[in-house]
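all I have is the shape, not the residue letters:
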């Protein structure tokens with residue numbers, strides 16, 4: 001089975017030559033995904049709003065791969081400001097309630113100052129069922 005690449009069409013994907021997600025067999029690897037509003041090209045001010053958007057983008061990539069959030073085995077969350085930890089964790093907790101994937105959360109600088117959160121995920125197609 002050949003590798004399949006999924007693109008969401010953001011300019012960052014072309015600039016840095018990466019795919020939003022890569023499907024290899026039944027595995028799906030979703031690249032670090034931010035909470036940019038793709039309609040406006042801007043980031044909401046609140047970390048929780050950015051987290052919801054980032055998760056929606058992750059879910060869209062998973063859907064294109066034939067998977068969903070329930071198939072996520074591992075999630076890595078990067079947060080720019082420690083003060084945003086609890087609001088981000090609450091949104092992540094809602095999204096993955098009952099799924100409970102492995103999770104690593106890191107406080108670190110992100111690529112742009114307006115980015116507050118970045119999320120990457122690894123999923124196996126059909127693992128939820």
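Good, I have the coordinates. Keep in mind the model is a prediction, meaning the values are calculated, not measured. Residues are numbered from 1 along each chain as shown.

just checking, residue 109 is part of a helix?
No - assessed with DSSP: H, G, I helix; E, B strand; the rest coil, residue 109 is coil; it does not lie in a helix.

for the lowest-mean-pLDDT helix or strand in the chain, which positions count as buried?
In the chain, no helix or strand scores lower on mean pLDDT, DSSP states H and E than helix 11-16, which sits at a mean of 80. Buried residues in helix 11-16, counted by 16 or more other C-beta atoms under 10 Å: residue 13. Yep, even glycine has a C-beta here, placed from its N, CA and C like the rest.

contact partners of that helix?
With contacts defined as C-beta atoms under 8 Å, 6 or more residues apart in numbering, helix 11-16 is touched by 7, 18, 19, 20.

list the contacts of residue 125.
Here residue 125 is in contact with 23, 26, 27, 28, 65, 66, 67, 71 (C-beta under 8 Å, 6+ apart).

how about a cut-off of 6 Å?
By C-beta atoms under 6 Å, 6 or more residues apart in numbering, the contact list for residue 125 reads 26, 66, 67.

about what we covered before: quickly check the contacts of helix 11-16 for the two that are furthest apart.
Farthest apart among the contacts of helix 11-16 by C-beta to C-beta are 7 and 18. That separation is 9.2 Å.

closest one of the contacts of residue 125 to residue 126?
Taking these together and measuring to residue 126 by C-beta to C-beta, the closest member is residue 26, at 6.5 Å.

next one, pLDDT for that closest one please.
With respect to pLDDT, residue 26 scores 96.

please report the distance of it from residue 110.
Distance of residue 26 to residue 110, computed by C-beta to C-beta, to the nearest Å: 30 Å.

cool, and residue 21?
According to C-beta to C-beta, residue 21 and residue 110 sit 20 Å apart.

show me the strands in this protein, by range?
Along the chain, the segments classed as strands by DSSP state E run 4-6, 21-24, 27-34, 72-79, 102-107, 117-124.

who are the contact partners of residue 5?
Here residue 5 is in contact with 19, 22 (C-beta under 6 Å, 6+ apart).

output the below-cut-off pLDDT ranges for this protein.
Judged by pLDDT under 70, the chain has its weakly predicted residues at 1.
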